[in-house]
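Asks: Just the structure for this:
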Amino acid sequence: MRPALSSTYPLTDLSIPKGVAEPVISCSPGPSWFCLRAAGRREHLAALRLTQRTQVEAFAPRIRVRRERRTGGVDTLLEGLFPGYLFARFCHPAQTRHVVSTAGVLGLVTFGGPPPALLDATIDRLRLHALPSAVAPAQVAPIFSEGDWVRVAAGCFRGSEGRVRECTPRQDRVCLLLSLLGHEVEISLPADHLIARSRQAASVSAALRPVNAHRPAFH
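Replies: Numbering: from 1, shown residues only. All right, here's what the predicted structure looks like:
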């Protein structure tokens with residue numbers, strides 16, 4: 001049975017990832033880490049305002065991701081690791097009113113009772129995998145494995161989809177099997193021209209692919 005949500009703050013339910021320590025209810029007067037909801041997937045701006053307005057330490061983890069451009073090619077962007085959520089370290093309930101009244105903050109995350117505090121070790125672990133807020137997006141080297149389904153995002157084969165057959169040791173080129181004119185054609189393309197596909201789309205394409213498809217080499 002799902003626990004009731006508190007009516008004090010506009011909150012949402014969150015699941016705890018496997019392997020991460022469960023939050024502990026903190027009743028000490030000292031500052032602890034809490035999870036907050038942010039407005040409009042702008043958690044990094046809410047974290048900045050919290051630091052500037054209330055001098056509260058805030059953390060909105062961000063990571064680099066690869067996205068296909070509408071005009072062709074692949075861009076590297078910074079996106080939130082937990083879109084719409086951030087973490088802040090403050091004294092509850094003494095500073096709660098000031099925290100939740102900050103522009104961009106919608107409220108504390110609770111599960112029908114006092115807001116659960118996160119262990120410092122959990123935040124430290126997240127910091128190891130997140131990027132500093134001042135880091136600009138940089139090119140991310142794509143990593144593909146044999147059997148992965150990908151989409152070609154640049155070049156004359158743009159829009160085609162195929163399956164990874166082999167990668168070079170440096171991961172700079174990928175050997176693909178593309179379905180062209182009813183045949184599976186083997187070609188080699190730069191890895192930065194490719195973008196991974198969802199598993200659901202890949203399973204659909206696999207079901208529609210001819211069973212006895214020929215594999216002529218493409219030169």
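Asks: Quick check, central residue of this structure?
Replies: Leu81 (4.4 Å; Cα atoms, centre = their mean).
Asks: ok, for that one, nearest residue in space, not its chain neighbours?
Replies: Among residues not flanking Leu81 along the chain, Pro61 sits closest, at 4.0 Å (Cβ to Cβ, 6 or more residues apart in numbering). All C-beta spots, glycine's among them, are computed from the backbone N, C-alpha and C.
Asks: Verify the contact between the one you found and Leu78 for me.
Replies: No - contact criterion Cβ atoms under 8 Å: Pro61 and Leu78 do not qualify, at 10.7 Å.
Asks: any common contacting residues for these two?
Replies: Leu131 (Cβ atoms under 8 Å, 6 or more residues apart in numbering).
Asks: the more surrounded of the two?
Replies: Of the pair Pro61 and Leu78, Pro61 is the one with more neighbours under other Cβ atoms under 10 Å, namely 20 against 15.
Asks: need the strands for this structure, in chain order.
Replies: 32-38, 57-59, 62-68, 74-80, 85-90, 105-108, 149-152, 161-167, 173-180, 183-190, 194-196 (DSSP state E).
Asks: Quick one: residues contacting the residue nearest to Leu81.
Replies: So Pro61 contacts 80-82, 126-127, 129-131 (Cβ under 8 Å, 6+ apart).
Asks: If any of those are buried, give me the PyMOL selection for them.
Replies: Filtering the contacts of Pro61 down to the buried ones (16 or more other Cβ atoms under 10 Å) takes a single PyMOL command:
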select buried, resi 80+126+130+131
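Asks: Output the longest helix belonging to the protein.
Replies: helix 43-54 (DSSP state H).
Asks: Show the low-confidence segments of this protein, by residue range.
Replies: 1-29, 132-142, 169-171, 198-219 (pLDDT under 70).
Asks: redo that, cut-off 50
Replies: 1-28, 134, 199-219 (pLDDT under 50).
Asks: Tell me who's in contact with the nearest residue to Ala153 once chain neighbours are set aside.
Replies: Distances taken as Cβ to Cβ, 6+ apart place Glu68 nearest to Ala153, at 4.5 Å, with adjacent residues excluded. When contacts are counted by Cβ under 8 Å, 6+ apart, Glu68 is found next to 74-75, 151, 153, 195.
Asks: Swap in 7 Å and give it another go.
Replies: Counting by Cβ atoms under 7 Å, 6 or more residues apart in numbering, Glu68 touches 74, 151, 153, 195.
Asks: Val150 too?
Replies: 144, 162, 164, 176, 194-197 are the contacts of Val150 under Cβ under 7 Å, 6+ apart.
Asks: ditto for Glu166
Replies: 146, 175.
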